[in-house]
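Chemist: test case, fold it:
(one chain, ligands or ions: 1)
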Amino acid sequence: MTPAARAQAAIDLLDAVIEAARSGGAAADTIAQRFFAARRYAGSKDRRAIRALVWEAIRSFGERPASGRAAIVALARERPELAECFDGSAYGPASIQASEPEAVTALAPAWLIDALAASDLDTKEVAALLERAPVDVRVNRLKADRASVQAEIGGEPLRFAPDALRLGTDAPVEPLPAWREGRIEVQDAGSQIVGSLAGAKPGMCVVDLCAGGGGKTLSLAATMDNHGRIVASDTDRPRLSKLPERAARAGVTIAETRLLDPKREAAGLADLHESADVVLVDAPCSATGTWRRNPEARWRLTPERLDRFAEVQSRLLDVAAQLVRPGGSLTYVVCSLLDKEGRDQVAAFMGRHPSWSASALQAIAGRRHGEGLRLTPAHDGTDGFFVARLARA
Ligand SMILES: C[S@@+](CC[C@H](N)C(=O)[O-])C[C@H]1O[C@@H](n2cnc3c(N)ncnc32)[C@H](O)[C@@H]1O
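Modeler: I've put the predicted structure just below:
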């Protein structure tokens with residue numbers, strides 16, 4: 001493909017990403033996969049160049065641009081070689097007009113910048129949310145140890161996450177024998193840390209209330225040395241259905257999946273009433289802490305969506321509390337750095353459940369925030385998380 005044709009393809013791909021963000025469609029990665037599957041003529045160098053341009057545009061513009069063209073035109077203002085692609089050639093974009101609309105460079109929509117600032121995040125912290133993230137893997141203790149896996153695949157052992165190896169950005173993991181044989185899982189180091197703070201131990205009964213595809217379920221099972229019971233529940237059938245295959249690969253036999261009806265979660269878990277030693281609520285959230293991996297998420301978020309997340313989080317915390325046995329604990333996690341979803345949720349929970357207490361969390365990474373701990377890309381080099389552990393008397 002010519003450079004001009006690549007620029008036009010980037011515009012087309014961005015149009016699809018913008019439309020999906022507007023209408024609640026698929027994530028940018030999925031859209032890109034579909035886009036290239038339908039354009040087999042694009043070789044691997046073309047695909048890389050188009051992706052790089054599209055993701056640069058997504059990172060550069062905080063507000064959802066009016067169109068893919070408005071975004072690439074704005075980038076071209078600073079880049080003569082990109083501006084030259086607007087040459088009106090057969091497969092290239094039409095020439096740039098002096099008065100045409102352009103996307104505006106910003107870290108995030110103004111209301112979100114304000115909400116992040118009100119959550120004690122300065123500009124440096126917010127900018128780091130948009131840097132490119134490394135690939136972290138968790139070495140599965142059930143099958144291997146970190147030193148032997150490092151000897152095999154390389155990577156940097158992280159001091160603050162005992163099972164983590166950090167690989168470069170875009171490092172391919174799935175082709176590795178270590179992945180195929182279940183000795184490693186892709187999991188951000190921050191996710192590994194917050195999962196470990198739940199305090200799961202061998203022999204316990206654990207409920208992973210929002211288990212999704214089981215990233216944390218598998219790490220809990222490894223911490224439990226595959227002894228005990230984990231009930232991994234979620235309302236999303238496609239996500240949850242990935243768990244059994246992942247568990248089999250990882251050698252995890254103690255996890256059982258349970259599909260819940262939205263708003264009827266307590267009924268679906270009634271048999272576990274007051275019987276879990278540990279409940280993990282890795283709640284659905286705005287995912288502001290994972291913008292490094294999904295920067296277009298900030299084009300999807302609205303104040304109304306944020307309110308809806310907060311309502312579900314508060315309800316799920318109360319559902320989870322009913323499952324904890326006397327003396328047990330509930331660990332609340334969000335991959336968001338907005339206080340409305342983290343610190344304030346926990347403060348409200350403590351108000352509704354005065355007999356519960358927040359535990360002091362011991363981790364080598366992170367900083368205390370309200371009744372919990374916060375990890376951020378700028379401070380910890382991980383995705384952003386808020387985690388709190390709440391103990392039942
Ligand atoms: C942050 S993700 C979980 C990620 C997962 N724990 C992991 O480590 O891979 C949040 C999950 O909450 C689920 N969810 C949303 N509403 C729910 C509800 N009412 N009850 C249980 N799970 C819910 C979503 O389907 C999603 O899988």
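
Chemist: quick one: the closest residue to L243 other than its chain neighbours from the ligand, how far?
Modeler: Nearest residue to L243, sequence neighbours excluded (CB to CB, 6 or more residues apart in numbering): G214, at 3.7 Å. Placement of C-beta: from N, CA and C, glycine included. To the ligand, G214 is 6 Å away according to CB to the nearest ligand atom, to the nearest Å.

Chemist: which ones are touching G214?
Modeler: G214 makes contact with 208, 232, 240, 242-243, 246-247, 255 under the criterion CB atoms under 8 Å, 6 or more residues apart in numbering.

Chemist: just the closest of these to A266, please.
Modeler: D208 (16.0 Å; CB to CB).

Chemist: hang on, that closest one packs against I230?
Modeler: Yes: counting by CB atoms under 8 Å, D208 touches I230, with 6.0 Å between them.

Chemist: mutual contacts of the two, please.
Modeler: Joint contacts of D208 and I230 (CB under 8 Å, 6+ apart) are 217, 220, 255.

Chemist: most neighbours of all those residues, which one?
Modeler: Counting neighbours by other CB atoms under 10 Å, T217 leads the shared contacts of D208 and I230 with 31 neighbours.

Chemist: ok, it - contacts?
Modeler: T217 touches 208, 211, 230, 232, 243, 247, 252, 255, counting by CB under 8 Å, 6+ apart.

Chemist: between the residues you listed, which is closest to the ligand?
Modeler: A211 (5.3 Å; CB to the nearest ligand atom).

Chemist: how close does the closest residue in space to D145 that isn't next to it in sequence sit to R146?
Modeler: Of all residues not flanking D145 in the chain, V139 sits nearest, at 6.7 Å (CB to CB, 6+ apart). Distance of V139 to R146, computed by CB to CB, to the nearest Å: 5 Å.

Chemist: and for V346?
Modeler: 32 Å.

Chemist: which of the two has more neighbours?
Modeler: The neighbour comparison of V346 against R146 (other CB under 10 Å) goes to V346, with 25 against 20.

Chemist: which elements pack onto the helix or strand harbouring that one?
Modeler: V346 is part of helix 343-352 when elements are defined by DSSP states H and E. When contacts are defined as 3 or more CB pairs under 8 Å, 6 or more residues apart in numbering; DSSP states H and E, helix 343-352 packs onto helix 303-323, strand 324-334, strand 385-391.

Chemist: list the buried residues in the first one.
Modeler: Same thing as helix 303-323. 306, 309-310, 312-314, 316-317, 319-323 (16 or more other CB atoms under 10 Å).

Chemist: do the same with stretch 225-239
Modeler: Applying 16+ other CB under 10 Å to stretch 225-239 flags 226, 228-235 as buried.

Chemist: quick one: end-to-end distance for that stretch.
Modeler: Taking CA to CA, to the nearest Å, stretch 225-239 runs 24 Å from one end to the other.

Chemist: how about stretch 361-375?
Modeler: 12 Å.

Chemist: if we can go back for a sec, dump the buried residues of stretch 225-239 into a markdown table; add pLDDT, secondary structure and distance to the ligand as well.
Modeler: Formatted as a markdown table, the buried residues of stretch 225-239 follow (pLDDT from 0 to 100; DSSP: H, G, I helix; E, B strand; the rest coil; distance: CB to the nearest ligand atom, whole Å):
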| residue | pLDDT | secondary structure | distance to the ligand |
| --- | --- | --- | --- |
| N226 | 98 | coil | 18 |
| G228 | 98 | coil | 18 |
| R229 | 98 | strand | 17 |
| I230 | 98 | strand | 12 |
| V231 | 98 | strand | 12 |
| A232 | 98 | strand | 8 |
| S233 | 98 | strand | 6 |
| D234 | 98 | strand | 5 |
| T235 | 98 | coil | 4 |
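
Chemist: just to revisit the earlier point, put the buried members of the contacts of G214 into a ChimeraX selection.
Modeler: Those of the contacts of G214 that count as buried under 16+ other CB under 10 Å are selected in ChimeraX with:
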select :208,232,240,243,246,247,255
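
Chemist: picking that back up, and for the very next helix or strand once past the helix holding V346, what are the contacting residues?
Modeler: Remark: after helix 343-352, the chain's next helix or strand is strand 357-358, criterion DSSP H and E. With CB under 8 Å, 6+ apart as the test, strand 357-358 has contacts from 346, 350, 371-372, 388-391, 393.

Chemist: mind listing what strand 357-358 pairs with, with the direction of each?
Modeler: Note on strand 357-358: by DSSP bridges, its sheet partners are strand 385-391 (antiparallel).

Chemist: what does the strand it pairs with contact?
Modeler: Contacts of strand 385-391 (CB under 8 Å, 6+ apart): 190-191, 193-194, 197-199, 289, 321, 327-337, 341-343, 346, 349-350, 353, 356-359, 361, 366, 369-375.

Chemist: just the buried subset of these, written out for PyMOL, thanks.
Modeler: The following PyMOL line selects those of the contacts of strand 385-391 that are buried, judged by 16+ other CB under 10 Å:
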select buried, resi 190+191+193+194+197+198+199+289+321+328+329+330+331+332+333+334+335+336+337+341+342+343+346+349+350+353+356+358+361+366+369+370+371+372+373+374+375
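
Chemist: which ones among the contacts of strand 385-391 also lie next to the ligand?
Modeler: C335 (CB under 6 Å from any ligand atom).

Chemist: hmm, back to that, and the angle from the helix holding V346 to strand 385-391?
Modeler: 10 degrees (axes from the mean of the first three to the mean of the last three CA atoms, to 10 degrees).

Chemist: any idea of the mean pLDDT in helix 343-352?
Modeler: Across helix 343-352, the average pLDDT comes to 98.

Chemist: with that, I have no additional questions.
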